[in-house]
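Peer 1: any chance you could fold what I've pasted below:
(chains A, B, C and D)
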Amino acid sequence: MDFSFTDEQQMLRDGVGKFLEKSYDFDARQKLVNSDAPWSADAWQQFAEFGLLALPFSEEQGGLGGSISDCVAFAELFGRHLVIEPYLGSVMLAGSALAQSGHAAAQEWVERIVSGEAVVAFAFEEGHGTASPELVAMTAQGSGNSARLTGEKRLVHGGADADAIVVLARKGEGGPPAFFLVEAGADGLDARAYTTIDGRSAANVSFNDVAATELEASEEAVEKIIADAIIVQSAEAVGAMGALVAITGEYAHTRKQFGVPIATFQAVAHRLADMKIAYTKARATLIYTTALAESGAATPRDIAILKGQVGKLGRAVGEAAIQTHGGVGMTDELSVSHYHKRLLACDTTFGDHAYHFRKVGMG
Amino acid sequence: MDFSFTDEQQMLRDGVGKFLEKSYDFDARQKLVNSDAPWSADAWQQFAEFGLLALPFSEEQGGLGGSISDCVAFAELFGRHLVIEPYLGSVMLAGSALAQSGHAAAQEWVERIVSGEAVVAFAFEEGHGTASPELVAMTAQGSGNSARLTGEKRLVHGGADADAIVVLARKGEGGPPAFFLVEAGADGLDARAYTTIDGRSAANVSFNDVAATELEASEEAVEKIIADAIIVQSAEAVGAMGALVAITGEYAHTRKQFGVPIATFQAVAHRLADMKIAYTKARATLIYTTALAESGAATPRDIAILKGQVGKLGRAVGEAAIQTHGGVGMTDELSVSHYHKRLLACDTTFGDHAYHFRKVGMG
Amino acid sequence: MKIEFAPELEAFRAEVAEFFATAPTPAIREAGRKTTSVFAPFKECMEWHRILYEKGWVAPHWPVEYGGTGWSVEQRFIFAEEYRKADLPPLLPQSLGMVGPLLIDIGTEEQKAKYLEPILKGEDFWAQGYSEPNSGSDLASLSCRAEPDGDDYIINGSKIWTTYAHHANRMFMLVRTSNEGKKQQGITFLLLDRIDYPGMEIRPIVGLDGFPEQCEVFFEDVRVPQSGRVGEENDGWSVAKHLLKHERGGGNAASPTLMRYCERARAAAAKTPSPFGGTVADDAVFQREIGELEADIASLGHFEKLAISGHEIARDPAFPSMNKTINSELVQRASVLMTQVSGVDGLARQLEALRVGSNVEPLGSEFDLVSMPLYLNSRATTIYAGSNEVQRDLIARTVSGS
Amino acid sequence: MKIEFAPELEAFRAEVAEFFATAPTPAIREAGRKTTSVFAPFKECMEWHRILYEKGWVAPHWPVEYGGTGWSVEQRFIFAEEYRKADLPPLLPQSLGMVGPLLIDIGTEEQKAKYLEPILKGEDFWAQGYSEPNSGSDLASLSCRAEPDGDDYIINGSKIWTTYAHHANRMFMLVRTSNEGKKQQGITFLLLDRIDYPGMEIRPIVGLDGFPEQCEVFFEDVRVPQSGRVGEENDGWSVAKHLLKHERGGGNAASPTLMRYCERARAAAAKTPSPFGGTVADDAVFQREIGELEADIASLGHFEKLAISGHEIARDPAFPSMNKTINSELVQRASVLMTQVSGVDGLARQLEALRVGSNVEPLGSEFDLVSMPLYLNSRATTIYAGSNEVQRDLIARTVSGS
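Peer 2: Here you go, the predicted model:
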């Protein structure tokens, strides 16, 4: 067993980390969130230069043939810096859906994603919490190059700004879930854009008999793409948890009440201990599950355990961080509340911890 | 609204309390539990003299026409002193079942219960947790004076020592639950006696075509008798919780570690605070629900809330008391663990807190 | 023990329900439904305040001679229950629940004559100036300074977490008038007639939910009259402690609001498909969780009713702290349950749609619009008015074996 | 990152499973099923210890040169998993997990030569004498005194919570040899060759589950040789701290035992009717709860496997305390779930039926026989080996921002 990052992965982390420290500190991030831009084109270009946009794709497709642990390696840093760019949607989800398709148009889109030229959104959620592909209800009419989509997808990150959208929908009434490609500006496509609580550009996208191209995909391929996205999103969440442990520890040793640092109060100290335990548990599960996935051995149960644990523990760490900070933890000005909102969003998407724990319990 | 005990109730509490302080301290109780006697005949006789055995019965039946709040008034003290006598089974349950019946034999048994001459057990549980009369499966054949019972009842307090047993069983296949009277020593009756974790004499009782007398009872009467028993048992549990708060507070202010009383450690102090909050909540719900029942207005939901809260909070208080005491809390020698085991038993019988909360949630 | 269920009470309930069904304007109703905090939208809340004043129902918990209603405990609970059922904006606590009762208890006749009626009428709204950037849980360490100067004090320093100061016209506050002795000893309680004295500056603080609910208030050589002092100079700590009882313990019962959150969660759950089949409302796990929450809220209600009836429970010195602790943690639990029902539909930031009078349609249901802001805002309940850590310290001090 | 799933490992698993299926006697199997504590029934446990010794598998975590197996991390986990699946009694930790590894690390050559082999062979069983009636969490305040006298020490005082002292033939202990300086400084770590030295008295303590698992040990002028000292005089605290790492962190992984509890709970639940219809195993609430518990146990397993593989996580100074905290709280949660499945059938006190070799039939199933004693006994897990309060203090000390 080996659960450490390779030297190459460590180098990638160092490089990405230095860039984010320098160009993506919390103030810069907040300026970006509060701007009209859906994300930073500069940062995206920089990610392309680091090879992040090419990482998960095969060399034949112009990618770097990276593995899931490569993605985890830098995704922790994305979490630490609250990166809002649609990496998960465009690269891990839409990109992987396109890459596994033999369709010529799909291959072109992959190239454009890899080069940073295009961003493709991924439309999955249908409201309240579409935890798994098996819960997707939207149904495509027709197939191949002449499929038609009708219905609504919610929380589509980058849905109003992307160059195309990959939609997960059923192949005909009662059919299996499959991917469909829709180009931006297609007739009948309408996106209502908004910002999420975690500072991302998203949209609820309605489809009114929209022309789409079916990207053939096996059920296993769909499941694997979602599972890999869950691992990478979990890495982001674990990165955010680590940041909160550090920030809160620092604050508790600095902030004085009753003449002493609040870390000297046992109630505060024990909360810090619980935060560290939660972070350590979540990180251990992230790393182990990544190694399992890397070995091709991660089961749906393993993924459910990871998603459930990171969701539950992330929430707990966020709430503890706010409580320890007191009033200032409640403000928009400090990063603490933004980390917490990111962790809430990670818990909520792709099924929250209650959903996944129950799946584990169902055996 | 008035939620206080009346002067008369307060006098009863004072009298019973003084007796228990004097004759039923923890050492005496442990001696009794570890003896061969199923309970203390002396204490039972004393309860008769206080009128406790007559309290819930009407004056026409030789009782005192007391109310549910009268019973709650002294039952808290039973809990505080970990009284093991089968008051709940013989008086609140079997006694009330007999008292509501028009049957002549039943009336005679009531008189013998009131005088302290006889103890009657109540057979309800059928294993793992028979939370409600509607879950009783045992079915009587025949009816009236010639009913026959076959099956097993578990956790029958005093089941091997009582002079008779009142059994809750269905009136024929799919029929409503009703009470059946079986005399001790009846053919086909077999009791396997044991002591419970909370020091009570109980038995698993098997019925092999045993002759029984049906005590006609409406479903409402059955429900009311169980509800009243739940209130009285909850009062015992609340009394036990109050004792644990006091004992643990005392210990935390006496026991020193690191040169200071452990109560000065915030983790211990906050646990004491949570114990007090739990006790106060449980007691408020006990008192309010008692007042509701006294006014004839307690619904099944009210009873489920009481049972659930006392079960959950009692467990939490017991566990906190042991943790605060550390090693000595784990011993048979101190009362702490015995209170906890009593609270566990109260939670477990008549449906645990998880059952009742779910009933509340079902609306 | 007894509880009255007299027929008159049902008539009273009908009267209250009728009034709530007819008196509020549409904007007030909207403000009620869009309340995502202890503090309702200011403008509509004060409109509603004035309507209740006209009706004579604005301060049921005040003594009759000062404008209270003289209702029985049962009536007060019926009023609170109907109030919550109608989803009306809760009245703001600073004036009616805090400074008003304080002045009734220990104000001078002049202070009562001057301040109580404008509070009742909804003409005045008071801000509370207690916390400072370096004095949160350790309130007694406050350093905002008032120097006597003739008949005035000159104030220098700052206050923080001054809820709705940007809406207030008056302010009560704690200032340091002496550094001698224990830190609790040199504190004075002041009433400020105006919140726009020269040298005062108010800066709203945007919260994690995106709203400017709290403020920071800066004082630079602000001259205020000494006649605004409540109690003696340097005795403000005991005045503040007296007031805390109202803040933490008294005022309005919280359980009807909490039960209303559960009702709203149940209604939304009945329209929400469960990933395990059927609706969330029919799901066993949801029922298990909301059942426990409702049981805990019921226990809080029992606790409140016992207290209001004069039961000994309310004389426990830990009562206000227990009340605050239980209530604040239940608000958080209820709001977590609400966000769980909303799921991903709670993740959109919809500040504009939340504004009363907005013509922006919410993305999902009105429930999904409020659940997340309510959850986020409720993280403050265990922090403000004495953090729950401080409350547990206080409660623990009342637990001793002998 | 990678995890090996080599075919050899499956062969190893088969070999282990085959051995566990054939080697234990019926009494050993019964002892395994009736284990309701960290500490299995003594007699059968030591029988099993000796069988494992013969096989060469008694101390997988020891270095090969001292009798370890030299297995890979994967093999150790496979061994632990198969061990738990077979419901075999866990070996007692005091000798194999505590004093043995300590002596391997820092014992003299004489001590190693004398003590390690009898531990491996199961000839010796060591008791641990740390706590005293007035020194629980504050272990360093211990006062049991050892006065040097020629080549000996004379011990006076007492020890408590000395698990299985009534079964032991040797004992390691902490004694006070000096009152100078900080209280940690005057402590010495001693090995006692016998537990029946003149002046020693052992009194078992009956626990809340009814069993005499713990003991009190009294010393009155007990003369023991100084050659039993480990480390320097007055330096016993650092020796004890070193040992604590083995006690809290290392030794055997706990997650397979915990997962086995879940398996047993699931099997019992499948035979238990739910009051809401069907069996408890099919119930959504049960599934929700056991799913969360199993996920937490899985995380502990991940944590353990990372640590054993040499990941940096194991070098965190908080590692032993985190491991102890997580593990102990999961044992408690698992046992609560087990008692919930048993329901009222867990309320009977069945000490006699629990005895290995008893001919008393349990009242219900074997599961119902063990669930409540296991729950009751597990209340100690958050108390012993450094209470979880102390562990959290230690963990918190490793959290600082910079």
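
Peer 1: CA atoms for contacts and neighbours, from now on please.
Peer 2: Will do.

Peer 1: what's the pLDDT at the residue of the stretch 101-250 of chain A found nearest chain B?
Peer 2: Nearest residue of the stretch 101-250 of chain A to chain B (Cα to the nearest Cα) works out as residue A:249 at 18.4 Å. Looking at residue A:249, its pLDDT stands at 98.

Peer 1: tell me if I'm right that residue C:271 and residue C:278 touch.
Peer 2: No. Counting by Cα atoms under 8 Å, residue C:271 sits too far from residue C:278 to count as a contact (9.7 Å).

Peer 1: can you give me phi and psi for residue A:183?
Peer 2: Dihedral pair for residue A:183: phi -90, psi 150, per degrees, to the nearest 10.

Peer 1: contact partners for residue C:186?
Peer 2: C:176, C:177, C:178, C:179, C:180, C:233, C:234, C:235, C:236 (Cα atoms under 8 Å, 6 or more residues apart in numbering or on different chains).

Peer 1: give the contact list for the first one.
Peer 2: Going back to what we said before, that points to residue C:176. Residues in contact with residue C:176 (Cα under 8 Å, 6+ apart) are C:142, C:143, C:144, C:145, C:146, C:186, C:187, C:188, C:234.

Peer 1: just give me the longest strand of the chain.
Peer 2: Defaulting to chain A. Ranked by residue count under DSSP state E, the longest strand found in chain A is strand A:201-215.

Peer 1: please go with chain C instead
Peer 2: Longest strand of chain C, by residue count under DSSP E: strand C:214-225.

Peer 1: helices or strands up against that one?
Peer 2: Other helices and strands packing on strand C:214-225, by 3 or more Cα pairs under 8 Å, 6 or more residues apart in numbering or on different chains; DSSP states H and E, are strand C:152-160, strand C:200-205.

Peer 1: could I get those as JSON lines with mean neighbour count and mean pLDDT?
Peer 2: Listed next are the helices and strands packed on strand C:214-225 as JSON lines, based on neighbours: other Cα atoms under 10 Å in any protein chain shown; pLDDT from 0 to 100:
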{"stretch": "strand C:152-160", "mean neighbour count": "21", "mean pLDDT": "98"}
{"stretch": "strand C:200-205", "mean neighbour count": "18", "mean pLDDT": "98"}
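
Peer 1: got the residue ranges for the helices in the stretch 101-250 of chain C?
Peer 2: All helices of the stretch 101-250 of chain C, identified by DSSP state H, counting those that start in this stretch, fall at C:109-121, C:236-244.

Peer 1: from the ones you listed, which stretch is densest packed?
Peer 2: Mean neighbours per residue, mean count of other Cα atoms under 10 Å in any protein chain shown, is largest over these for helix C:236-244, with a mean of 19.

Peer 1: write the ChimeraX selection for whichever of the contacts of residue C:186 are buried.
Peer 2: Those of the contacts of residue C:186 that count as buried under 16 or more other Cα atoms under 10 Å in any protein chain shown are selected in ChimeraX with:
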select /C:176,177,178,233,234,235,236
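
Peer 1: return the subset of the contacts of residue C:186 lying in strands.
Peer 2: With DSSP E as the criterion, strands contain residue C:176 from among those.

Peer 1: pLDDT weak spots in the chain?
Peer 2: No chain specified, so I'll use chain A. Regions of chain A meeting the criterion pLDDT under 70 are absent.

Peer 1: my bad, chain C
Peer 2: Scanning chain C for pLDDT under 70 picks out C:246-252, C:401-402.

Peer 1: what parts of it come near chain B?
Peer 2: C:1-4, C:73-74, C:282, C:284, C:286-292, C:294-296, C:298-300, C:302-303, C:306, C:309, C:311, C:322, C:326, C:389, C:392-393, C:395-397, C:399-402 (Cα under 8 Å from any Cα of the partner chain).

Peer 1: which of the residues you listed fall within helices?
Peer 2: Those of these mapping onto helices are C:73-74, C:284, C:286-292, C:294-296, C:298-300, C:302-303, C:306, C:322, C:326, C:389, C:392-393, C:395-397, per DSSP state H.

Peer 1: tell me which residue of the stretch 151-300 of chain A lies closest to chain B.
Peer 2: For the stretch 151-300 of chain A, Cα to the nearest Cα, closest residue to chain B: residue A:266, 5.4 Å.

Peer 1: so who does the closest residue in space to that residue that isn't next to it in sequence touch?
Peer 2: Distances taken as Cα to Cα, 6 or more residues apart in numbering or on different chains put residue B:266 closest to residue A:266, at 5.4 Å, once the chain neighbours are dropped. By Cα under 8 Å, 6+ apart, the contact set of residue B:266 is A:265, A:266, A:267, C:393.

Peer 1: need those residues in a markdown table (columns: distance to residue D:93 and secondary structure).
Peer 2: Below are these laid out as a markdown table (distance: Cα to Cα, whole Å; DSSP: H, G, I helix; E, B strand; the rest coil):
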| residue | distance to residue D:93 | secondary structure |
| --- | --- | --- |
| A:265 | 35 | coil |
| A:266 | 31 | helix |
| A:267 | 32 | helix |
| C:393 | 39 | helix |
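
Peer 1: quick check: the residue lying closest to residue A:56 once chain neighbours are set aside vs chain C, distance?
Peer 2: Distances taken as Cα to Cα, 6+ apart place residue A:66 nearest to residue A:56, at 4.8 Å, with adjacent residues excluded. In this view, residue A:66 and chain C are 31 Å apart by Cα to the nearest Cα, to the nearest Å.

Peer 1: and for residue A:241?
Peer 2: Distance from residue A:241 to chain C, by Cα to the nearest Cα: 18 Å.

Peer 1: hang on, that residue in a helix?
Peer 2: Yes. Under DSSP: H, G, I helix; E, B strand; the rest coil, residue A:241 sits within a helix.

Peer 1: was I right to think it contacts residue A:317?
Peer 2: Yes. Counting by Cα under 8 Å, residue A:241 sits close enough to residue A:317 to count as a contact (6.5 Å).

Peer 1: which residues touch the residue in the stretch 51-200 of chain C that chain D sits nearest to?
Peer 2: Taking Cα to the nearest Cα, chain D has its nearest neighbour within the stretch 51-200 of chain C at residue C:134, 19.9 Å off. By Cα under 8 Å, 6+ apart, the contact list for residue C:134 reads A:256, A:257, C:141, C:142.

Peer 1: much appreciated, bye for now.
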